[in-house]
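Colleague: The sequence and its predicted three-dimensional model are supplied below.
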Amino acid sequence: MFERNDNNRNERAQVGIGTLIVFIAMVLVAAIAAGVLINTAGFLQSSAEESGEQAAEQVTNRLVVENAVGNTTGEDVDRVNMTVRLAPGSNNVNLNETTIQWVTDTDSFNLVSDRLDSPQGDAVFNWTALRDDEGETDSSIENDDTLNSQTDRAVLVFETNSSSSFVNSSGAGTISALEAGDTVEVTINTRSGGTTTSTLVVPQSLSGKETVSL
């Protein structure tokens, strides 16, 4: 490979130094490339973990509707009480941070909590605590607006054609009263993006009834 020259013994050393320089340069390039790959892999792993956590929250952090009851006045349902609880595996859900879509055949409303200082929606909903994590069952319980246990129960209250609604820049926020045979699709959205959809169907006859199951 090399031509031996006894008269110039430094010749091979010069070639060796050049090879060494090239080798060191290759090592440096490889080290830099490895560093970039490691940093990129770490970033992708972190992003994947964050996306996975968000996806899991959207699936688990939601409410479950146990039942819905309508209070009737004459031939209309003027208030709907919907009992909700945490879904299995769900983290805490603050009802103040929950939004609800109320969709009928003729109307669509985005509802927010009426306990907010400045509600920004088409109308509002309220709720009462039915059961807290200590097992009490008094609808007058004062809580922190958060369901934080699988034993907690809250009753979401939707008033129709009442002064509990408000007027904002988008217009009057009054939910129309429900009549016999009406159907309502209620979608509950928690802060983390978990959704629950429940379809309420008003019976074909309300005559003589004070409350009806929806």
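Modeller: Cool, got the structure.
Colleague: now the strands for this structure?
Modeller: Here the chain has its strands, by DSSP state E, at 63-73, 76-86, 93-94, 99-103, 108-113, 123-131, 146-147, 153-159, 167-168, 171-172, 178-179, 183-189, 195-201, 211-213.
Colleague: The first one: which residues count as buried?
Modeller: So that's strand 63-73. Leu63, Val65, Ala68, Val69, Gly70, Asn71, Thr72 (16 or more other CB atoms under 10 Å). Heads up, the C-betas are built off the backbone N, CA and C, glycines and all.
Colleague: bridging residues for the residue lying closest to the second one once chain neighbours are set aside?
Modeller: Think Val65. Spatial nearest neighbour of Val65, chain neighbours left out: Ser198 (4.3 Å); criterion: CB to CB, 6 or more residues apart in numbering. With DSSP bridges applied, Ser198 shows beta-bridge pairing to Val186.
Colleague: pretty sure Ser198 is in contact with Asn67, am I right?
Modeller: No: judged on CB atoms under 8 Å, Ser198 makes no contact with Asn67 at a distance of 9.7 Å.
Colleague: Format the strands of the chain as TSV; extra columns: mean pLDDT.
Modeller: TSV is the format used below for the strands of the chain (pLDDT from 0 to 100):
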stretch	mean pLDDT
strand 63-73	89
strand 76-86	90
strand 93-94	89
strand 99-103	91
strand 108-113	86
strand 123-131	84
strand 146-147	87
strand 153-159	89
strand 167-168	41
strand 171-172	44
strand 178-179	86
strand 183-189	92
strand 195-201	90
strand 211-213	85
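Colleague: residues contacting Ser98?
Modeller: If you look again at residue 98, you'll see it is Thr, not Ser. With contact taken as CB atoms under 8 Å, 6 or more residues apart in numbering, Thr98 is in contact with Leu63, Ser113, Ile188, Asn189, Thr190, Arg191.
Colleague: Next one: the spatially most central residue of the chain relative to Asp145, how far apart?
Modeller: Centre of the chain computed as the mean C-alpha position; nearest residue by CA atoms, centre = their mean is Gly193, 1.8 Å away. As judged by CB to CB, to the nearest Å, Gly193 and Asp145 stand 19 Å apart.
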